[in-house]
Every structure is written in C-alpha cells, then in structure tokens.
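Enquirer: Here's a sequence, model it:
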Amino acid sequence: MKMEKDQDLKMYDTWDRHWRDAGDSCGITWLGKWMFKAKKKSLLKRISDLDITTAIEVGCGSGTTLEILQAAGLRCRGIDASPHAVENCVKKGLNARLQKMEEVQEQFDLVFSDGVLEHFLDFRPHARHFMAISRRYVLLIQPNHDSFWGRTLAYLSGLLRQRQNVHEYNYRMDDFIQVFDENRFKLVASDPVFCDVFRLLLFEKTQ
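Expert: Next up is the predicted model:
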C-alpha cells in the first residue's frame, strides 16, 4: 500500500512538471492534435445519445476534452492533481479545480476520463470511485495496448518524447471491463479511436 501511494505521488509530480513545462501549446504535437480530433469526434458521438446534464472529467489536463463537454451544454467540472494543469484550464474559462478523484463526494450523471487509469499500479480503487460518484455512466478513453497501432505508437512516442512522461501499465480492455462488470456497470459501447490506438468504453449503471 505504501509503495502504491509513493508511486501515485511520483506520478502526480511528473504530470505537474509536464504541464508546467508545456507552455501555451500544452505540449501537444501535430500527432497529438490528430489524436484529439479523433477523440473529439468519438466523444461527441457518444454523449449526444445520452440523457445527461452533469459531468465531471477526472484528470482534465490541458482542458481539451473538458472544452468538448462544456460546449455540449453540460454542467461540467474538471479536476486535476496538477496546479499547473488547473491554471491552464482556468485561463481558458473552464470550470476546473485542484482536486484528486478520491476527494470528490458529489455525484454526476457522467464520469469521464481520458487516459488516466492506466497510470496507476492498481487502477481498481480509482475505477470504483468513478463508479461511486456516477449516477448513470462512466466513459473512458484508454490506450489500446492490444492493437498493433496502439503498441507501435506507444513505442515510437517513448523514443521521440523529449521530456519525462508518466509510466503506463499495459492494462487490457478486458481488465477494465471486468472491474466495472463486477461493480454493476455494464459495458454498452466499445469504439475504436484513431485506428484503434485508443478505445472509448462506455459503462452504464445497472439496478
């Protein structure tokens, strides 16, 4: 347990240094812009079919996907453990606050995260907290380490990256699906994103 907490703290520190050093570009490359465009399309498609009014994004980072939720007319909040990330979001006029996921007690129609859970040595407690604060849905966008392009781009990005990045554990989509299913959240959509480099997983709470 202590080792996991120490690794979590190291991860939060690495992310904060990333957003501190990213500058106005938020560290997004031309390839990253293509990826975010694909994520935006998939995210908009899914949330447009949901009967929801409130949402929270856990790990809002640069605010790119938080902007999508806000533009869709949702009452949304972004949270991040990085002061520099939150500062970047607030400068954009987004509703973001410095907060860790385990500190959130309110409930939301939709809990969303883009590439967060794979950074934890044990993602299960964090996934369970996603479910605890969700009234209806949890939506994840996760790196797909099962796909050829997912493995290839992960390898290339590691070679080309100029700054230290947070380690990703090679969780499979089935790892996430199993944990949510065990906690009465049924998988209702699994969409490939950006040539299946990522997967959009939508879970619905069952009674």
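
Enquirer: what's the weakest-modelled helix or strand in this protein?
Expert: Least confident helix or strand of the chain, by mean pLDDT, DSSP states H and E, is helix 148-160 with a mean of 59.

Enquirer: Show me what secondary structure element comes after it.
Expert: Later in the chain than helix 148-160, the nearest helix or strand by DSSP states H and E is helix 173-182.

Enquirer: counting contacts, what elements does that next one pack onto?
Expert: helix 124-132, strand 134-143, strand 185-193, strand 198-205 (3 or more C-beta pairs under 8 Å, 6 or more residues apart in numbering; DSSP states H and E). Backbone N, C-alpha and C define where each C-beta goes, glycine included.

Enquirer: Could you list the residues in contact with it?
Expert: 117, 123-124, 127-128, 131, 138, 140, 142, 144, 146, 186-187, 190, 199, 201, 203 (C-beta atoms under 8 Å, 6 or more residues apart in numbering).

Enquirer: export that helix as CSV, just CAs?
Expert: Extracted in CSV, the C-alpha atoms of helix 173-182 (Å, rounded to 0.1, in the frame of the first residue of the first chain):
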residue,chain,number,x,y,z
MET,A,173,-9.6,-3.5,-22.2
ASP,A,174,-10.9,-6.7,-20.6
ASP,A,175,-9.2,-5.6,-17.3
PHE,A,176,-11.3,-2.5,-17.2
ILE,A,177,-14.5,-4.3,-18.4
GLN,A,178,-14.2,-7.0,-15.7
VAL,A,179,-13.8,-4.5,-12.8
PHE,A,180,-16.8,-2.4,-14.0
ASP,A,181,-18.9,-5.5,-14.5
GLU,A,182,-18.1,-6.7,-11.0
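
Enquirer: how far off strand 185-193 does it point, in degrees?
Expert: With axes from the mean of the first three to the mean of the last three C-alpha atoms, to 10 degrees defining the directions, helix 173-182 sits at 150 degrees from strand 185-193.
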